[in-house]
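J.: Please work out how this folds:
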Amino acid sequence: MLPTVARVLDLEVMRRGLPQVVAGADHLERPVRWVHVSELPDVAGMLQGGELVLTTGIALPEDREGLARYVRDLDEVGVAGLVVEFGRRYFDSLPRALVHAAEQRGLPLVTLRREVRFVAVTEAVHALVVNAQLEQLRISESVHQVFNELVVEGAEPPEVIRQVARMAGAPVVLENLAHQVLAHDTAGRPEAELLEDWERRSRGVRPPGRTGHDPRSGWLVTTVGARGQDWGRLVLVQEPGPLPEGEPHPHAMLLERGASALALNRLVVRDRESLERQTHRTLLSGILTHALTVSEVALRAQALGVPLDGRRLVGVVLRQRRGPIPAALEAQARLRDFTELAAGAVRACRLSALVGALDDEGVGLLIALGAQQDEHVALDAFSATLRRMSAEAGREGADAPGPVVAVGSSVGSVRDARRTLLEAAQVADAALHDAPGGGRTASYYRLPDVRLRGLLHLLRDDARLQTYVERELGPLLAHDAEHNGQLVQMLRIYLEHGRNKSAAADAAHLSRPSFYDRLHKVERILGVDLDQVESCLSLHVALLALDAVRR
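T.: Next up is the predicted model:
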């Protein structure tokens, strides 16, 4: 950082001259870029700004207008200050016109009552300036090295923001163009203090240019974007106050470098989930794993534009009906598209919700309903919109049933949000094997809709249920494994068709004698009579339990 006028006046070589500030005392924090010694009255034409002018005043104009013009020219060119040495032209005081003009312009005017060697002053100040410039270069090189490494390593936005906050020693917030918080680092300060009422506070900060400092709030703000497409702002939150006159913000370069790293990261990962979805996913994961406290969830969701306090919360889990298993990259792309599709359906229905991937196959939502919103109407509209958008996007055929939409019981507080999300996840897993429609009137599943499947899914980790499956189906499973057979599947088809052998044979694409022969094998291996209703019921429950255990 360049030395200020006050710092120069505090140098030993200057103190020997007994300096006295006679005008512009409120502007001594002006940075000094250079020292210039001149006796010319029109020296302003040779200056570039930031200089501290040293003179004995022997050639200064004598008239009031000439002195005022001299000060005006120096001020307009942007000099840091004017130092006049007594003993050659002036002895005890400066002309009132000179002092008045400097005071009017806010130009620091200093007298030296003892003679000093101007060359010693220039050497001392220039040493400070050169050291400041070298320090700035060192800092700049360090910043560029750090962020180049982050970019090369593919660091995610939270890591980039953490580095900016650490190097600046102040909180940093990344927001989108709607002033919703995408990521942040508190730099050790209270999170509530940083994020409380963020959108309103942020909208009030509009510094000029792509990077600017707002003295009223103390925020340093830079725009984030690339290729002419801006998508957010990076904000360094500091205490209110103006910057030293003519001095750029000390962290402007750091913040701009961080913004560039974020913009490049977005270009590199444009085929992955958006930063908004990542942020939503982090919150949903924090709810399910207890990684975040109730107050942290509510605060971060509020800053993200999804208020949860005072709302009825409904957990929703979406799963795509299983087809051929795609390759890993294709599966990732499908999940990303599915998540964005769900977010689009939320926007289309004008709902407020957190939307993010829960695992490799499912998308979770935490919908926040207002007092005037009807829960069934909102969920039905969302389900219908999601299916329509899915069909339009070509993800499902026109007559396809669409994805599974599973809904948990609504809760009245953030503290219970985990419960509704877990219930929705259990319903979704149980509903995957349900026949589309299933006689339901709603376009989504709830716990009563999955009935026995839902109960078995809840009990899937119980050793007693696993023992039951092995007792009922173990020999048949072992036979299929040893002979690479499909007798379990034949039994499943027979039971799913209500023990109608003819219909089951047609569904299995076998002749009736062949299908009957397979059923007899099942009876011999399991030691049961498939004409007995109770035996078939027990086997059907075991098959459903097997599905639950395998999932």
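J.: OK, contacts around residue 151?
T.: Applying C-beta atoms under 8 Å, 6 or more residues apart in numbering to residue 151 gives the contacts 261, 264-265. No exception for glycine: its C-beta is placed from N, CA and C like everyone else's.
J.: so which helix or strand takes in it?
T.: When secondary structure is defined by DSSP states H and E, residue 151 falls within helix 118-152.
J.: Might one say that residue 488 is in contact with residue 474?
T.: No. The criterion here is C-beta atoms under 8 Å, and residue 488 misses it with residue 474 at 10.9 Å.
J.: Tell me who's in contact with the spatially closest residue to residue 486 that is not a sequence neighbour.
T.: Nearest-residue entry for residue 486: residue 480, 6.6 Å, with adjacent residues in sequence omitted and distances by C-beta to C-beta, 6 or more residues apart in numbering. Contacts for residue 480 (C-beta under 8 Å, 6+ apart) come out as 486-488.
J.: Now, of those residues, which are buried?
T.: Among the contacts of residue 480, those that count as buried by neighbour count (16 or more other C-beta atoms under 10 Å) are 487-488.
J.: Reformat the contacts of residue 480 as a markdown table; add distance to residue 320, pLDDT and secondary structure.
T.: Formatted as a markdown table, those follow (distance: C-beta to C-beta, whole Å; pLDDT from 0 to 100; DSSP: H, G, I helix; E, B strand; the rest coil):
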| residue | distance to residue 320 | pLDDT | secondary structure |
| --- | --- | --- | --- |
| 486 | 26 | 92 | coil |
| 487 | 30 | 93 | helix |
| 488 | 25 | 93 | helix |
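J.: quick one: average confidence on the helix or strand encompassing residue 166?
T.: Taking DSSP H and E as the definition, residue 166 sits inside helix 157-168. Averaging the model's pLDDT scores along helix 157-168 yields 92.
J.: Would you mind pulling the contact partners of the very next helix or strand once past that helix?
T.: As assigned by DSSP H and E, the chain's next helix or strand after helix 157-168 is strand 172-176. Identification of contacts with strand 172-176 by C-beta under 8 Å, 6+ apart yields 157, 161, 164-165, 181-185, 187, 194-195, 198, 202, 224, 231-237, 255, 258, 262, 275-276.
J.: Among the residues you listed, which lie within helices?
T.: Here DSSP state H is the test, and those give 157, 161, 164-165, 194-195, 198, 202, 255, 258, 262, 275-276 as lying in helices.
J.: Walk me through the domains of this structure.
T.: Domain ranges of the chain: 5-126, 154-268, 275-458, 463-550, per automatic domain parsing.
J.: Could you tell me the least trusted of those?
T.: domain 275-458 (a mean of 85).
J.: follow-up on the earlier one: export the contacts of residue 480 to CSV and append columns for distance to residue 506.
T.: Shown next, in CSV, are the contacts of residue 480 (distance: C-beta to C-beta, whole Å):
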residue, distance to residue 506
486, 16
487, 18
488, 19
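J.: Whichever of the contacts of strand 172-176 end up buried, select them in PyMOL.
T.: Filtering the contacts of strand 172-176 down to the buried ones (16+ other C-beta under 10 Å) takes a single PyMOL command:
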select buried, resi 157+161+164+165+181+182+183+184+185+187+194+195+198+202+224+231+232+233+234+235+236+237+255+258+262+275+276
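J.: gap between the two ends of stretch 350-360?
T.: End-to-end span of stretch 350-360 (C-alpha to C-alpha, to the nearest Å): 27 Å.
J.: And the residue nearest the centre of the protein?
T.: residue 182 (2.5 Å; C-alpha atoms, centre = their mean).
J.: right, and that residue touches residue 280 too?
T.: No. Using C-beta under 8 Å, residue 182 makes no contact with residue 280, being 9.8 Å away.
J.: Quick check: neighbours shared by those two?
T.: Contact criterion C-beta under 8 Å, 6+ apart; residues shared by residue 182 and residue 280: residue 304.
J.: Out of the contacts of residue 151, flag the one nearest to residue 103.
T.: Distance to residue 103 across the contacts of residue 151 (C-beta to C-beta) is lowest for residue 261, with 46.6 Å.
J.: residues touching that closest one, list them.
T.: 147, 150-151, 155, 160.
J.: among those residues, who's most crowded?
T.: Highest neighbour count within the contacts of residue 261: residue 160, with 27 neighbours (other C-beta atoms under 10 Å).
J.: Please report the distance of the residue nearest to that residue when sequence neighbours are not counted from residue 61.
T.: Excluding its sequence neighbours, the residue lying closest to residue 160 (C-beta to C-beta, 6+ apart) is residue 261, at 4.9 Å. The gap separating residue 261 from residue 61 is 54 Å, by C-beta to C-beta, to the nearest Å.
J.: how far does the host helix or strand of residue 391 sit from the chain's center?
T.: Taking DSSP H and E as the criterion, residue 391 maps to helix 375-392. Between the centre of helix 375-392 and the centre of its chain there are 27 Å (C-alpha atoms, centre = their mean, to the nearest Å).
J.: Quick one: name whatever helix or strand follows it.
T.: Scanning onward from helix 375-392 (DSSP H and E), the first element met is strand 404-407.
J.: Pull the distance from whichever strand or helix holds residue 480 to the chain's centre.
T.: Assigned by DSSP H and E, residue 480 belongs to helix 463-483. When C-alpha coordinates are averaged (C-alpha atoms, centre = their mean), helix 463-483 and its chain have centres 48 Å apart.
J.: before we move on, the earlier item: let me know the closest of the contacts of residue 480 to residue 101.
T.: residue 488 (100.3 Å).
J.: wait, what's in contact with that closest one?
T.: Taking C-beta under 8 Å, 6+ apart, we find residue 488 in contact with 473, 476-477, 480, 543.
J.: now the residues you listed in TSV, with distance to residue 217?
T.: Formatted as TSV, the contacts of residue 488 follow (distance: C-beta to C-beta, whole Å):
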residue	distance to residue 217
473	68
476	72
477	68
480	70
543	64
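J.: Taking those residues together, which two end up most distant?
T.: 480 and 543, at 12.9 Å, using C-beta to C-beta across the contacts of residue 488.
J.: Which parts of this structure are strands?
T.: Per DSSP state E, the chain carries strands over the ranges 19-23, 34-37, 51-55, 81-85, 109-112, 172-176, 181-185, 211-214, 219-226, 229-236, 312-319, 352-357, 362-369, 404-407.
J.: So which of those strands is nearest residue 388?
T.: Of all the strands of the chain, strand 404-407 sits nearest to residue 388, with 12.7 Å by C-beta to C-beta.
J.: Centre of the chain to that closest one, how far?
T.: Taking C-alpha atoms, centre = their mean, one finds strand 404-407 lying 27 Å from the centre of the chain it belongs to.
J.: Can you give the contact residues for it?
T.: Counting by C-beta under 8 Å, 6+ apart, 314-321, 379, 382-383, 386, 424-425, 427-428, 431-432, 443-446 sit against strand 404-407.
J.: And it, what's buried?
T.: For strand 404-407, a neighbour-count test (16+ other C-beta under 10 Å) marks 404-407 as buried.
J.: In terms of distance to residue 459, which of those ranks first?
T.: Nearest to residue 459, judged by C-beta to C-beta, of the buried residues of strand 404-407 is residue 406 at 17.8 Å.
J.: What's the separation between the closest one and residue 462?
T.: Noted for residue 406: a distance of 21 Å to residue 462, by C-beta to C-beta.
J.: residue contacts, residue 128?
T.: Residues counted as contacts of residue 128 (C-beta under 8 Å, 6+ apart) are 2-3, 7-8, 32.
J.: so of the residues you listed, which ones are in helices?
T.: Those of the contacts of residue 128 lying in helices (DSSP H): 7-8.
J.: Please convert the contacts of residue 128 to TSV, extending it with neighbour count.
T.: Below are the contacts of residue 128 laid out as TSV (neighbours: other C-beta atoms under 10 Å):
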residue	neighbour count
2	20
3	21
7	17
8	25
32	24
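J.: Now the two most distant members of the contacts of residue 128.
T.: Greatest spacing in the contacts of residue 128, by C-beta to C-beta: 2 and 8 (10.2 Å).
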